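structural data only, the sequence is not supplied:
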C-alpha cells in the first residue's frame, strides 16, 4: 500500500506541473493571438470534452473525463470518478464490514479513499463535466465558452443549462465533424 501511495504522490506532482505548464502555454498563445480579448487574465476558449469509461454501457465503476484546448491540443484539466475502492472491498471481506477492526482500519484509510462518486454510472460523464466547468475559472483562469463534443446530448444539455458563468456568458456547442459524418452515414440524424 505504501508503493501505491508513493505512486499517487508522484502522479499528482507530475500532473500539477504538466497542467501549470499547459495552462500557461494556452494563456500565452491566446494572448499573442488576440491580446485585446484578455480580461483580467481570464480568457474565453473553445475546448473539446469527452469521457472514457472502463466498460461500455452504464455499469462502469470508474471513468475519466478530459478537457482539451482546441487550438493547442493541450489537456487543460481532467477528472477521475470512481464508485469503487479496492482497499475498502478487501478490508470489508477480510475484517468484516461492521467489525471494530474495520472501523479502526477505515479511519487510517480515509485520507487515501478512492471512491468519490455514488450515483448511477449513467450520470458519471455529466457530473464530471459539471465539476470541470465549475472549476475552470478558479483552476485555469479560463472560461470554456464553446465546447466541441461527441454529440452526447445529456452532457452537453446539462452544461448549457448549468449557467456556470452567469447570464452574461453563454456556452455554445460545436458539432464534431466525425460524429456528424457517422450520423449521416447511418441515417441517425
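Right, received. Where do you want to start? Everything quoted here is computed from the prediction, not taken from an experiment.

skipping adjacent residues, who's closest to residue 46 in space?
Spatial nearest neighbour of residue 46, excluding adjacent residues (Cβ to Cβ, 6 or more residues apart in numbering): residue 146 at 4.0 Å. Quick note: C-beta positions are derived from backbone N, CA and C, even for glycine.

now the one you found: how far from residue 127?
For residue 146, the distance to residue 127 (Cβ to Cβ, to the nearest Å) stands at 21 Å.

which residue of the two possesses the greater neighbour count?
For residue 146 and residue 127, the more surrounded residue by other Cβ atoms under 10 Å is residue 127, and the numbers stand at 19 against 15.

give the helix, strand or coil label for the residue nearest to residue 46.
strand (DSSP: H, G, I helix; E, B strand; the rest coil).

now do the same contact list for it.
Neighbouring residues of residue 146 by Cβ atoms under 8 Å, 6 or more residues apart in numbering: 44-47, 171-174.

ok, residue 131 next?
residue 79.

any buried residues in the helix or strand hosting it, and which?
Residue 131 is part of helix 124-134, with elements assigned from DSSP states H and E. Neighbour counts over helix 124-134 (16 or more other Cβ atoms under 10 Å) mark 124-133 as buried.

tell me the bridge partners for the residue nearest to residue 46.
residue 46, residue 172 (DSSP bridges).

quick check: it vs residue 175, distance?
Distance of residue 146 to residue 175, computed by Cβ to Cβ: 11 Å.

got it, and residue 129?
17 Å.

which residues are contacting the helix or strand encompassing residue 107?
Assigned by DSSP H and E, residue 107 falls within helix 100-109. Defining contact as Cβ under 8 Å, 6+ apart, one finds that helix 100-109 is touched by 87-88, 91-92, 95-96.
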